[in-house]
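> Here is a sequence with its predicted model. Questions after.
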Amino acid sequence: MLELRDVRKHFTAPDGDSVRAVDGVSLALVPGELVALYGPSGSGKSTLLFLAAGLTRPDAGAVLFDGRDLARLSRRDAARHRLTELGFIFQTFRLVPGLSAIDNAALKLMAAGASRREARRAVLPLLERLGIADRAEHRATQLSVGERQRVAIAGALSNGPRLVLADEPTGSLDSRRAHEVLALLAAIAVERDIGVALVTHDPAAAAVATRAFRLHDGRLEPFAPAPTPAAEDATGGERAGAGARAPLGSPE
């Protein structure tokens, strides 16, 4: 599905020094697994995620999706890829302030051609599973930070993507909601047979993953966090019972 081949991305710092944010990273992500990229703020995690999404072009190396080099796609094809095959959970939510929670979550489906009614019906199960269905008609400005984050997650999942990329998806949530979201993302990977990659500075988030890596000096190295309750739920109860759970809502 997704493959990074010796990807490099360097930046020039204000003092003129070269910053090797991503320095020769190779990684393959297959359907059904959740990969966590762990590291402190400023370690290059978000840069790596933007490269994987095709939102940033590498200085060297290649980012491939189903064998297609994302850097070689036309602007139209790249936009279509992000609209139909990718779900991206941004750290900054990117909600429209005056729209309701359910309409914000449905925007991607409407952009793909669904009617407002169809899109709203498709995303409601996601809002229910994320615990915010009772806030569906509230405007984004009336939601808490944690509620906005969950609306953003619902929007990223709304189009039934084959790949989900999440930038600090639990950064604005309390420990209970973070636990639930991590378990949900782990379950989604299995239920929908899709690839999920998240970047995080939280070891608890990395513990949920099928595989976890630490980004250090622009390079990936294996990371083995200590087990946590969230990890046990996601890798045990959630994964073992994935087939018995109600499926997530999908676009009609």
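Looks like it arrived, so ask away.
> Run through who's touching stretch 2-17.
18-29, 44, 47-48, 51-52, 56, 58-65, 163, 195, 197, 218 (CB atoms under 8 Å, 6 or more residues apart in numbering). The way it works is simple: take the backbone N, C-alpha and C, and place the C-beta from them, glycine included.
> In that stretch, which residues are buried?
Residues 2, 3, 4, 5, 7, 8, 9 are the ones in stretch 2-17 that count as buried (16 or more other CB atoms under 10 Å).
> I'd assumed the fourth one was in a strand, is it?
Yes. With DSSP: H, G, I helix; E, B strand; the rest coil as the criterion, residue 5 is located in a strand.
> beta partners for it?
Note on residue 5: beta-bridge partners residue 62, judged by DSSP bridges.
> tell me which element the nearest residue to residue 123 once chain neighbours are set aside falls in.
The spatial neighbour of residue 123 that comes closest, neighbours along the chain excluded (CB to CB, 6 or more residues apart in numbering), is residue 105 at 4.3 Å. Residue 105 belongs to helix 101-111 when assigned by DSSP states H and E.
> Show me what that helix packs onto, helices and strands only.
helix 116-129, helix 145-157 (3 or more CB pairs under 8 Å, 6 or more residues apart in numbering; DSSP states H and E).
> pLDDT value on residue 251, please?
For residue 251, the pLDDT comes out at 34.
> Near residue 68, how many other residues are there?
Close neighbours of residue 68, defined as other CB atoms under 10 Å, add up to 14.
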